[in-house]
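Peer 1: build me a model:
(2 chains)
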Amino acid sequence: QVQLQESGPGLAKPSGTLSLTCAVSSGSIRSSNWWSWIRQPPGKGLEWIGEIYHSGSTNYNPSLRSRVSISLDKSKNQFSLNLRSVTAADTATYYCARNPYGDYQFDYWGQGTLVTVSS
Amino acid sequence: QSALTQPASVSGSPGQSITISCTGTSSDVGGYNYVSWYQQHPGKAPKLVIYDVSDRPSVVSNRFSGSKSGNTASLTISGLQAEDEADYYCSSYTSSSTYVFGTGTKVTVL
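Peer 2: The predicted model follows:
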């Protein structure tokens, strides 16, 4: 079955950029799926950040659209998240997840990675 | 987009049934049959338990069921077990081609 693994710095500086990568194994990122980023601040609920299709098409949460970009690296079978101008409010566990094309649920999730925004 | 509204907590005794509500608008829950539910144990990633309002992945117990009426979706857990104690989140596709999650519900098994 598909496996997802997030990686990246656990610390980001205020006003800087948060960058994470999600490696996909036992499945191809070129397949007919959307690939999403979802975050969860400590002790709080889930927030959908955005998604990317294998063609490169993207959709973003309107509240984050001005600061976020999601990209694909097909050669490495992974996708990435960049979140600019971060503040302490962006401190969260970040998950990557798969939503199959034509379906509207997140069926496979990574284990999550905690990113703290602090100087 | 505003988070879908869920009760903060629901509790029940082993063997009982509980229901968690998830209220949105006609632009999300009420407009599409694309509501899903996730179970999250402490320190773990969420796990899909219901999709498309009432469908269940093959690996999920048939004690979990879902329904929808108007702008409110519901998750019912029957024959409550200790292992069901967790946080539960609903999610819906929206008219803006985005997704919105619920505020989350903590289920306690008494």
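Peer 1: drop to CA atoms for contacts and neighbour counts, all remaining ones
Peer 2: OK.
Peer 1: in terms of secondary structure, what does the longest strand seen in chain B contact?
Peer 2: Taking DSSP state E as the criterion, chain B has its longest strand at strand B:86-93. Judged by 3 or more C-alpha pairs under 8 Å, 6 or more residues apart in numbering or on different chains; DSSP states H and E, strand B:86-93 is in contact with strand B:35-40, strand B:99-101, strand B:105-109.
Peer 1: who does the helix or strand where residue A:36 lies pair up with?
Peer 2: Using DSSP states H and E, residue A:36 sits within strand A:33-40. The pairing partners recorded for strand A:33-40 under DSSP bridges are strand A:47-53 (antiparallel), strand A:92-100 (antiparallel).
Peer 1: I'd like these as TSV, with mean pLDDT, distance to residue B:71 and mean neighbour count appended.
Peer 2: What follows is the strands paired with strand A:33-40, written out as TSV (pLDDT from 0 to 100; distance: least, C-alpha to C-alpha, whole Å; neighbours: other C-alpha atoms under 10 Å in any protein chain shown):
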stretch	mean pLDDT	distance to residue B:71	mean neighbour count
strand A:47-53	97	20	24
strand A:92-100	96	23	24
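Peer 1: hang on, the earlier thing: now do the strand holding residue A:36: everything it contacts.
Peer 2: Contact partners of strand A:33-40, identified using C-alpha atoms under 8 Å, 6 or more residues apart in numbering or on different chains, comprise A:46-54, A:79, A:81, A:92-101.
Peer 1: tell me how far that strand lies from the chain's centre.
Peer 2: Chain-centre distance of strand A:33-40: 5 Å, with C-alpha atoms, centre = their mean, to the nearest Å.
Peer 1: next: stretch A:45-59.
Peer 2: 8 Å.
Peer 1: now swap in stretch A:87-95 and tell me
Peer 2: Worked out by C-alpha atoms, centre = their mean, stretch A:87-95 lies 11 Å from the chain centre.
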